[in-house]
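Student: return a 3D structure for these sequence lines:
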Amino acid sequence: MGKSTTKMLTITEFKKRLKELSREEVVGLLVETLKMNKDAQAFVSVKLQGERAILKLVKEYKGKSPSIILPG
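Tutor: Predicted coordinates:
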C-alpha cells in the first residue's frame, strides 16, 4: 500500500472552505462532528452554555473519576 497524499486542511484552508458552504451545510457539518466526537460536543456546549455546561461536565467526570483512578 502506498502512502496517502491527502493532507489535513490548514486553519486558513478550513476557513476558506467554510465560507463556500451554505449555513445549512455548516450546521450539518457541525452536527456530524458533535455526534462523532464527545470532546468537541463538550467544548461547543461550554462555549454556548457557559457555566451551566461546565457544572454538568464537572458532575459527570466527578462521578467517573474513582473508576478511572482505581479500577474495580
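
Student: and K3, what pLDDT?
Tutor: Per-residue confidence (pLDDT) for K3: 65.

Student: check K62 too.
Tutor: Each residue has a pLDDT score; the one for K62 is 73.

Student: which residues touch it?
Tutor: Contacts for K62 (C-beta atoms under 8 Å, 6 or more residues apart in numbering) come out as none. Where you see a C-beta, it was placed from the backbone N, CA and C, and this is true even at glycine.

Student: now do A42 against R23, distance only.
Tutor: For A42, the distance to R23 (C-beta to C-beta, to the nearest Å) stands at 24 Å.

Student: neighbour count: these two, which is higher?
Tutor: Neighbour tally, A42 and R23, criterion other C-beta atoms under 10 Å: the higher count belongs to A42, 17 against 7.

Student: wait, the more buried one sits on V58?
Tutor: No. Using C-beta atoms under 8 Å, A42 is not in contact with V58, being 11.0 Å away.

Student: and T6, helix, strand or coil?
Tutor: Under DSSP: H, G, I helix; E, B strand; the rest coil, T6 falls in the coil class.

Student: ok, now which ones touch it?
Tutor: Counted by C-beta under 8 Å, 6+ apart, T6 has zero contacts.

Student: ok, now how distant is it from R23?
Tutor: Distance of T6 to R23, given as C-beta to C-beta: 27 Å.

Student: same question, Q49
Tutor: Going from Q49 to R23 by C-beta to C-beta gives 21 Å.

Student: tell me which residue is most central in this structure.
Tutor: Taking C-alpha atoms, centre = their mean, the centroid of the chain lies closest to A40, which sits 1.4 Å from it.

Student: what helix or strand does that residue sit in?
Tutor: For A40, the enclosing helix or strand under DSSP states H and E is helix 38-49.

Student: in PDB, list the C-alpha atoms belonging to that helix.
Tutor: Presented in PDB, the C-alpha positions along helix 38-49 are these (Å, rounded to 0.1, in the frame of the first residue of the first chain):
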ATOM      1  CA  LYS A  38     -17.700  13.800  22.600                       C
ATOM      2  CA  ASP A  39     -14.800  16.200  23.400                       C
ATOM      3  CA  ALA A  40     -16.000  18.500  20.600                       C
ATOM      4  CA  GLN A  41     -19.500  18.300  21.900                       C
ATOM      5  CA  ALA A  42     -18.400  19.200  25.400                       C
ATOM      6  CA  PHE A  43     -16.300  22.100  24.000                       C
ATOM      7  CA  VAL A  44     -19.200  23.600  22.000                       C
ATOM      8  CA  SER A  45     -21.600  23.100  24.900                       C
ATOM      9  CA  VAL A  46     -19.300  25.100  27.200                       C
ATOM     10  CA  LYS A  47     -19.000  27.800  24.500                       C
ATOM     11  CA  LEU A  48     -22.700  28.100  24.000                       C
ATOM     12  CA  GLN A  49     -24.000  27.400  27.600                       C
END
